[in-house]
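Colleague: pasted the sequence and its predicted model underneath.
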There are 2 protein chains.
Amino acid sequence: MPASNTRLRYIILGLLAQQPMSGYDVRRFLKSLSWLIGNPSAGGIYPALRGLLQDGLVTVDVKLREDRPPRKVYSITEAGRDELQRWIDQPVGLGTSMKAFMMRLMLARHYSRAGLIAHMRQRQSEVAGHRLALRQISATLDEGADMGQRLALGYALSAAQAELAWLDSELGRLSQEPSLAEVD
Amino acid sequence: MPASNTRLRYIILGLLAQQPMSGYDVRRFLKSLSWLIGNPSAGGIYPALRGLLQDGLVTVDVKLREDRPPRKVYSITEAGRDELQRWIDQPVGLGTSMKAFMMRLMLARHYSRAGLIAHMRQRQSEVAGHRLALRQISATLDEGADMGQRLALGYALSAAQAELAWLDSELGRLSQEPSLAEVD
DNA sequence: AAGCGCATGTAAAAGGTTACATGATTAC
DNA sequence: GTAATCATGTAACCTTTTACATGCGCTT
């Protein structure tokens, strides 16, 4: 049976799908994008890589260097790509965080055009639902509410609004200029 | 020594600072705002409440009802308010998530006007820093980059942009109309 | 000579989820 | 009479973080 570990497992797999990397590289890359995806620690990354290796989803190329730790460069295998694709294909559920959606976006090249659009539309409808819910709460609050509730709601509403605007504009671009993605 | 549990602990404490509630109430409330703060499960909430009780940060008023489980209504104590205030006062570090910042906003009434403004300004400068970093990456990418990277960056940039816009406008309001918050 | 960046990894603990257990009441 | 809501809680598990351990090379 495959080793557990899920979120981080697929994030790493996604990165390795773009190019071979060492554990240290993975760490640095994620650190530089910590705001977007998160900043997992060494204690999570190295065991995850070992798990991926054991399951045959990656291979390792060990570069021995005298007097310093070997540099282990991991590459994704065909089985790894399949597994990643399966993860990518499963619809992003209702509770999907921004970061998880981010990761999906970064892997856009693994989607068909239609698949990418479908994913974005799903996100769109979810966020629209949230916005509606927030507006209803907002209407309920109205007069006597305390300032904290109002601030928080305003903040959340503006975030939802912005995300929807981005999705709209990006979906529009994807539909109108279907050639761009095929261009190499 | 106080029982561990941190994030959830303070979220619950924050809710109890607004009004006494049962564990079930806490769950329902957070569920209705799951998008904003998260949706912790019963298995997290009840133990957390027990911890708070043991540490004297809350008291419980048990309403026995025949033939059904007692309803336990928790109220925050003075020690609890102090502890909450200490959490609130510590500056939100660089990695602070939207949800953590959200919770701070919801507790606005526990801030002085100056304290609230300071917090928001700090957030502002952090997000501005992120936006700058993203723009620099974006400039680096430029031409040959793959579509995923571009989508992800665009998404992140638009989110940062929106948050800054909200912060600007809200900070403006807070400075210009200092009377509003005092009004009851 | 001190500290940081490179580069790997392990062990223990924290924090939280999932799934289960119980049982009355209300709605369809 | 079947399901959902109310209402509490426990136990086992999963993921990830924290802190440690090691050691070379480069910069200040």
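Modeller: Arrived safely. Residues are numbered from 1 along each chain as shown, chains lettered A, B, ... in the order given.

Colleague: could you measure from the nearest residue to A:R9 once chain neighbours are set aside over to A:Q161?
Modeller: Of all residues not flanking A:R9 in the chain, A:A48 sits nearest, at 5.4 Å (Cβ to Cβ, 6 or more residues apart in numbering or on different chains). Bear in mind the C-beta positions are built from the backbone N, C-alpha and C, glycine included. The gap separating A:A48 from A:Q161 is 36 Å, by Cβ to Cβ, to the nearest Å.

Colleague: tell me the pLDDT of A:V183.
Modeller: At A:V183, the pLDDT value in this model is 48.

Colleague: quick check: residues of chain A near DNA strand D?
Modeller: Taking Cβ under 7 Å from any atom of the strand as the criterion, chain A approaches DNA strand D at residues A:4-9, A:38-44, A:47-48, A:67-69.

Colleague: quick one: A:A108 from DNA strand D, how far?
Modeller: 22 Å (Cβ to the nearest atom of the strand, to the nearest Å).

Colleague: quick check: nearest residue in space to that residue, chain neighbours excluded?
Modeller: Per Cβ to Cβ, 6+ apart, closest to A:A108 is B:G148, 3.7 Å.

Colleague: check whether the one you found really touches A:L107, as I assumed.
Modeller: Yes - using Cβ atoms under 8 Å, B:G148 is in contact with A:L107, at 5.7 Å.

Colleague: when these two are compared, which one has more neighbours?
Modeller: A:L107 (25 against 20; other Cβ atoms under 10 Å in any protein chain shown).

Colleague: check which helix or strand covers the closest residue to the more buried one other than its chain neighbours.
Modeller: Leaving aside its sequence neighbours, A:L107 sits nearest to A:G14 (Cβ to Cβ, 6+ apart; 5.1 Å). Assigned by DSSP states H and E, A:G14 belongs to helix A:7-18.

Colleague: re the thing from before, doesn't the residue nearest to A:A108 lie inside a helix?
Modeller: Yes - counting by DSSP: H, G, I helix; E, B strand; the rest coil, B:G148 is found in a helix.

Colleague: ok, it - contacts?
Modeller: Counting by Cβ atoms under 8 Å, 6 or more residues apart in numbering or on different chains, B:G148 makes contact with A:L105, A:M106, A:L107, A:A108, A:R109.
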